[in-house]
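K.L.:
What follows is a protein structure lacking sequence information:
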């Protein structure tokens, strides 16, 4: 019974984490290399494409890394 309770707890914690996961900004649908915490980040100032808001996990799945201008 303890294993089942622990398993349910882990599922709930994981689910709630995904709901509150931080959103970040990326430039354009293709070619982005960095993600940004702020839409007004200096690193996005040269973006010629639409700026998209995505979850951090999505950005990292596309092998994007945090912009160097971010804290």
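P.N.:
Looks like it came in fine. Being a predicted model, the structure only gives us computed values, none of them experimental. Numbers count the residues shown, from 1 in each chain.
K.L.:
Can you report phi and psi for the residue nearest to the spatial centre of the chain?
P.N.:
Centroid-nearest residue in the chain, with C-alpha atoms, centre = their mean: residue 56, separated by 1.0 Å. Dihedral angles of residue 56 (phi, psi; degrees, to the nearest 10) stand at phi -60, psi -40.
K.L.:
how near is it to residue 48?
P.N.:
Distance, residue 56 to residue 48, by C-beta to C-beta, to the nearest Å: 24 Å. To be clear about C-beta, it is placed using only N, CA and C from the backbone, and glycine gets the same treatment.
K.L.:
go on, residue 42?
P.N.:
16 Å.
K.L.:
Looking at those two, which has the bigger crowd around it?
P.N.:
residue 42 (12 against 6; other C-beta atoms under 10 Å).
K.L.:
On the three-state scheme, the nearest residue to that one once chain neighbours are set aside is what?
P.N.:
Using C-beta to C-beta, 6 or more residues apart in numbering and skipping the chain neighbours, the partner closest in space to residue 42 is residue 69 (4.5 Å). At residue 69 the chain is in coil, as set by DSSP: H, G, I helix; E, B strand; the rest coil.
K.L.:
Over to residue 69: give its phi and psi.
P.N.:
Torsion angles, degrees, to the nearest 10, at residue 69: phi -80, psi -10.
K.L.:
cool, and residue 52?
P.N.:
phi -110, psi 150.
K.L.:
Please tell me I have it right and it contacts residue 30.
P.N.:
No. Counting by C-beta atoms under 8 Å, residue 52 does not reach residue 30; the two are 11.0 Å apart.
K.L.:
So in this structure, where's the weakest helix or strand by average pLDDT?
P.N.:
Lowest on mean pLDDT, DSSP states H and E among the helices and strands of the chain sits helix 2-19, with a mean of 61.
K.L.:
Please work out which residues outside the helix or strand just after that one touch it.
P.N.:
Note on helix 2-19: by DSSP states H and E, the next helix or strand toward the C-terminus is strand 23-27. Applying C-beta atoms under 8 Å, 6 or more residues apart in numbering, the contact partners of strand 23-27 are 32, 34-39, 41, 44, 47, 49, 51-56, 59, 64.
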